[in-house]
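Visitor: give me coordinates for this.
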Amino acid sequence: MAYDEGLAERIRDVLRGRPGVSERKMFGGVAFMLDGHMAVGIVGETLMARVGPARYEDALALPHVRPMDFTGKPMKGYVYVDPPGIEEDAALENWITACSAFVASLPPK
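Guide: Numbers count the residues shown, from 1 in each chain. Prediction:
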């Protein structure tokens with residue numbers, strides 16, 4: 001499955017200059033890793049956001065957000081954000097900031 005290269009470039013712009021950033025092909029798209037932990041990714045035109053278990057329900061209450069059910073079973077702590085929810089650069093940056101904060105709380109890999 002192809003992914004939205006324009007969205008990938010927007011994510012790269014937000015993450016540019018941040019240490020520990022890498023990209024990995026996964027989920028049929030691309031994931032952006034911070035110090036080895038997946039923070040955000042793209043499947044098609046949809047943002048995968050790793051918000052963590054504590055923020056999961058709050059994230060689902062936001063517009064254009066749904067459970068990440070890539071395997072057919074929702075993955076707790078991960079959500080999909082549909083394109084209207086990341087149309088504005090500020091909205092995309094907010095998601096990346098929230099996901100970055102969560103993965104920064106994880107133990108080192």
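Visitor: and Ile42, bridged to which residues?
Guide: On the basis of DSSP bridges, Ile42 is bridged to Val30, Leu47.
Visitor: show the model's pLDDT score for it.
Guide: Per-residue confidence (pLDDT) for Ile42: 97.
Visitor: how long is stretch 7-22 end to end?
Guide: Stretch 7-22 has its terminal residues 16 Å apart, counting by Cα to Cα, to the nearest Å.
Visitor: chain center to it: distance?
Guide: Distance, stretch centre to chain centre, for stretch 7-22: 12 Å (Cα atoms, centre = their mean, to the nearest Å).
Visitor: residues of that stretch that come out buried?
Guide: 7-8, 10-11, 14-15, 21 (16 or more other Cβ atoms under 10 Å). The C-beta positions use only the backbone N, C-alpha and C, and glycine is treated the same way.
Visitor: among these, which lie within helices?
Guide: Among these, the ones falling in helices (DSSP state H) are 7-8, 10-11, 14-15.
Visitor: pretty sure Ile86 contacts Ile11?
Guide: No - with contacts counted by Cβ atoms under 8 Å, Ile86 stays clear of Ile11, the gap being 9.4 Å.
Visitor: which residues do these two both contact?
Guide: Leu92 (Cβ atoms under 8 Å, 6 or more residues apart in numbering).
Visitor: tell me which other helices or strands the longest helix along the chain touches.
Guide: Taking DSSP H as the criterion, the chain has its longest helix at helix 89-104. The helices and strands touching helix 89-104, judged by 3 or more Cβ pairs under 8 Å, 6 or more residues apart in numbering; DSSP states H and E, are helix 5-15, strand 29-34, strand 37-43, strand 46-50.
Visitor: the ones you listed: which one's closest to Ala104?
Guide: Nearest to Ala104, of all the helices and strands packed on helix 89-104, is strand 29-34, at 7.1 Å by Cβ to Cβ.
Visitor: tabulate the helices and strands packed on helix 89-104 (CSV), appending distance to Asp58.
Guide: Below are the helices and strands packed on helix 89-104 laid out as CSV (distance: least, Cβ to Cβ, whole Å):
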stretch, distance to Asp58
helix 5-15, 21
strand 29-34, 21
strand 37-43, 17
strand 46-50, 12
